[in-house]
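Participant: Just the structure for this:
(one chain, ligands or ions: 1)
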Amino acid sequence: MPLEVPSKTFTRAEVAKHNTEDSTWFIIDTVVYDVSDFLDAHPGGEAVLRQVAGTDATVAFYNLHRHEVLQKYSNLAIGTIEGEKQSIITPAPGDLSPVPYAEPLWLTPAFKSPYFKESHRRLQRAMRKFTDEYITPEALEKERSGEYISQELIDRMSKAGVLHMRMGPGKHLHGVNLLDGAVDGKEFDYFHDMICAQEQVRAACRGFQDGNMAGMVIGLTCILNFCKNPELKKKVTDEVLSGRKKICLAITEAFAGSDVAGLRTTATKTPDGKHYIVNGTKKWITNGVFSDYFVTGVNTGKGLSVLLIERGEGVETKPIKTSYSPVAGTTYITFDNVKVPAENLLGEENKGIYVILSNFNHERWTMACATIRYMRLVVEESLKWAHQRIVFKKRLIDQPVIRQKLAKMIALCESHQSWLETITYQMCNMSYAEQAKHLGGPIALLKMSATRAAHEIADEAVQIWGGRGLTQTGMGRVIENFNRTYKFDAILGGAEEVLADLGVRQAMKFMPKAVL
Ligand code: HEM
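Facilitator: Numbering: from 1, shown residues only. Predicted structure coming up:
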């Protein structure tokens, strides 16, 4: 799609005359810009604009700016060059990228896949459009301001069924209108789930990605699968999926991160057996500051249990500053003699480890979906940059060393997407219990390997981008965000080392006893 600009036309000779003190015009991709009143406001300074006054500044512009700058400042365009056509593509909301490897193979024309049906493709188109129109603009704004997600976006996601879909397949989707009928809730499978997770990552704001109801994705699952009281289950599920209330998963503590068996928050039954009294702390809890419900791991004496705790007397939350953004709502929680009804127990008392572990599979798989899709964005941005950036009188892509780096990045990205799709196919064909038995190990290894790949990709990408890969605004924004935040995925939901160990230990459970 060409940029929308006034229909007036000029000749190149006319533009050339506007290189005076009072009038500064230039051409970018056949569009004529009058920047006479913008000179003072230009973040790159006045002098550079005066230097190109009256000329075609296309190459100079794309060497320094993202194309989206022209969309934002389209009011500076006054017309086009007579008889010439724009050649640079302005993506419309929902468009696929024409850059090689910017889309997974199943979305690339000429490639086939056995996994994806028409409803997957429909959902992908609808989810991309929704992300481009609503999620990305808010993500960018909130990352800048540091504010939490708006209720308006939460309401919009609820109405469109986006909140519901993020919980994965299940009865909570039946009868819900999902993005104007893109998919029937009864047909929704883990490939649809993967599509939702991967499309939303394209906003490229890792902090906002977690601030955008990540607590719900990992917390509400416990309610859906383990809440034994049907009224409580319905009440909480309705409140959260309608966006009226927020929920988070509160497991980790200053005392115990990946070592969930070492939790020190205690829950003691009252003598009448009707309540638990909870005391302790939780740390690094995503969305905790703005949550109403806390799905909390507690020590009940003979083991671990999981309780649904409502915000109220004795519950305090305060933000923790981390290296991504405050938008994620990373929280320190204290529970001080909090009285919790016994019916809020999720799963069995002292057997909460099962609740936590079975919950981990979907969480870790979702994190793998997201990391792998973010890796692809970095590949896309780096290919675009290498193609447009001129240094030492050549495009970056003309340097063999840059092609080596890109090759490694592409290979890591493609191999992990393929592995993810293979595991997703198993999830589609296994019951929840079978998944817990057979896929805990493979999903752990997938997430561990994806974040190792992210480490390599971040490293190579920053070397390609130089200073821009370390700058939060402008061309290298996506690279900077990825490089600063990929570690969250390497730690949250189980550190790489813990997952690697788990993957191998799980494999050993299936090892034949006999020496082979
Ligand atoms: C309509 C035309 C233009 C607009 C709206 C514009 C806008 C901007 C903006 C918003 C930035 C901040 C960084 C970013 O967001 O990418 C920027 C930076 C800059 N611009 Fe422009 N610009 C225009 C044309 C040009 C041209 C033609 C040149 C040079 C020939 C130029 C040179 C620069 C430089 C040197 C920087 C600083 C880049 C950096 O820090 O990496 N700009 N411009």
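Participant: List the contacts of the residue of the chain found nearest the ligand.
Facilitator: Nearest residue of the chain to the ligand (C-beta to the nearest ligand atom) works out as residue 44 at 2.3 Å. Glycine gets a C-beta too; all of them are placed from N, C-alpha and C. By C-beta atoms under 8 Å, 6 or more residues apart in numbering, the contact set of residue 44 is residue 64.
Participant: from memory residue 199 sits against residue 127, does it?
Facilitator: Yes - if you go by C-beta atoms under 8 Å, residue 199 and residue 127 touch, sitting 4.1 Å apart.
Participant: So which of these two has more stuff around it?
Facilitator: Counted by other C-beta atoms under 10 Å, residue 199 and residue 127 do not tie: residue 127 has more neighbours, with 27 against 22.
Participant: Which secondary structure state does that one sit in?
Facilitator: Residue 127 carries the three-state label helix when classified by DSSP: H, G, I helix; E, B strand; the rest coil.
Participant: so it makes contact with residue 179?
Facilitator: Yes - Residue 127 is in contact with residue 179 according to C-beta under 8 Å; the separation is 6.6 Å.
Participant: shared neighbours, these two?
Facilitator: Jointly contacting residue 127 and residue 179 under the rule C-beta under 8 Å, 6+ apart are residue 162.
Participant: Which helix or strand contains residue 88?
Facilitator: Under DSSP states H and E, no helix or strand contains residue 88.
Participant: That one: how many residues sit nearby?
Facilitator: Neighbours of residue 88 using other C-beta under 10 Å come to 15.
Participant: ok, it - contacts?
Facilitator: Going by C-beta under 8 Å, 6+ apart, residue 88 touches 29, 62, 67.
Participant: Okay, and which of the residues you listed map to strands?
Facilitator: Per DSSP state E, strands hold no members of the contacts of residue 88.
Participant: Can you lay out the residues you listed as TSV showing neighbour count and pLDDT?
Facilitator: Below are these laid out as TSV (neighbours: other C-beta atoms under 10 Å; pLDDT from 0 to 100):
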residue	neighbour count	pLDDT
29	21	95
62	22	90
67	18	88
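Participant: Mark which of the residues you listed are part of helices, please.
Facilitator: Residues of the contacts of residue 88 located in helices (DSSP state H): residue 62.
Participant: Local confidence estimate at the spatially most central residue of the chain?
Facilitator: The chain has residue 201 as the residue nearest its centroid, 3.3 Å off, counting by C-alpha atoms, centre = their mean. pLDDT, residue 201: 97.
Participant: How about it: what's its closest non-neighbour residue?
Facilitator: Nearest residue to residue 201 in three dimensions, chain neighbours excluded: residue 373, at 4.3 Å (C-beta to C-beta, 6 or more residues apart in numbering).
Participant: So that neighbour: helix, strand or coil?
Facilitator: Of the three states, residue 373 takes helix under three-state DSSP.
Participant: who's in contact with it?
Facilitator: Neighbouring residues of residue 373 by C-beta under 8 Å, 6+ apart: 197-199, 201-202.
Participant: what are the phi and psi angles of the residue nearest to the centre of the chain?
Facilitator: The phi and psi values for residue 201, taken as degrees, to the nearest 10, are phi -70, psi -20.
Participant: Residue 247 too?
Facilitator: Residue 247 adopts backbone torsions of phi -130, psi 150, taken as degrees, to the nearest 10.
Participant: Check the contact between it and residue 220; I expect there is one.
Facilitator: Yes - in this structure, residue 247 is within contact of residue 220 by C-beta under 8 Å, at 5.5 Å.
Participant: quick one: common contacting residues for these two?
Facilitator: 236, 240, 295.
Participant: Could you list the residues in contact with the helix or strand containing the last one?
Facilitator: Using DSSP H and E, residue 295 sits within strand 293-299. Contacts made with strand 293-299 from outside it, assessed by C-beta under 8 Å, 6+ apart, are listed as 219-220, 222-223, 236, 240, 245-251, 260, 263-267, 276, 278, 280, 282, 285, 288, 304-311, 315, 333, 335, 346, 352, 356.
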